[in-house]
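Peer 1: Quick one: sequence plus predicted model below, questions after.
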Amino acid sequence: MKGNDTMKLFLGCGGILLVGLLIVAMIGVRSYNRMVTMNEGIDAQWAEVENQLKRRNDLIPNLVETVKGYAAHEKEIFTDIAEARSKLAGAGSVKETAAADGAMQSALSRLLVIVERYPDLKADRQFIALQSQLEGTENRITVARGRYNESVRAFNVIVKRIPGRFFAAIFGFGPREFFEVPEAEQAVPKVDFGTNK
């Protein structure tokens, strides 16, 4: 009888252990699938951010050429915009893209302040249309960036909380980077309203 009781105890413990392992495996599979889905969602949101940044980059040469016709002597701003476009096009990471985007926003802000000096330019139909398209694109960038950051936030919560933290480590998932403009790029641009000579 004792041997039979030992066997039952052994089988019972083995059964409990097997059920426990199955539960852990099911939670692991569910966690893995959720992380993959969320990770792909973040990549899709990032692609939308890049798409809108490219759209803005494509508008800028037309805007610059229109302004050049009226304010050809404002060479520094045109150089700054060209450099910012180049950095944005060559950005390889979220952090680099955010920094380049901040530089672009700063240069565009300075350009639009310069436009205030030229009433004829502000009335130019082509400039008005380009400015309207740029404003719409800026709004789209803001929405896309917000959606991307929300996707990153939700994913990061999953991979930092238990049990997701353990499964994230096992499956090689880590927190994703937010699209935040560096503080240095958030500064309000200095604008000189001095007279043109």
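Peer 2: Done, it's in.

Peer 1: list the buried ones in stretch 85-92?
Peer 2: By neighbour count on 16 or more other C-beta atoms under 10 Å, the buried set for stretch 85-92 is R85, K87, L88, A91. (Each C-beta comes from the backbone N, C-alpha and C, glycine too.)

Peer 1: go on, stretch 165-173?
Peer 2: For stretch 165-173, by 16+ other C-beta under 10 Å, it's F167, A168, F173.

Peer 1: what kind of secondary structure is A72 in?
Peer 2: coil (DSSP: H, G, I helix; E, B strand; the rest coil).

Peer 1: quick revisit: filter the buried residues of stretch 85-92 down to the ones in helices?
Peer 2: R85, K87, L88 (DSSP state H).

Peer 1: In contact with K122: list those residues for me.
Peer 2: V115, E116, I128 (C-beta atoms under 8 Å, 6 or more residues apart in numbering).

Peer 1: Remind me which helix or strand it belongs to.
Peer 2: For K122, the host element (DSSP states H and E) is helix 119-123.

Peer 1: and after that helix, which helix or strand comes next?
Peer 2: helix 125-160.

Peer 1: Please compute how far the helix holding K122 lies from its chain's middle.
Peer 2: Relative to the chain's own centre, helix 119-123 is displaced by 34 Å; criterion: C-alpha atoms, centre = their mean, to the nearest Å.
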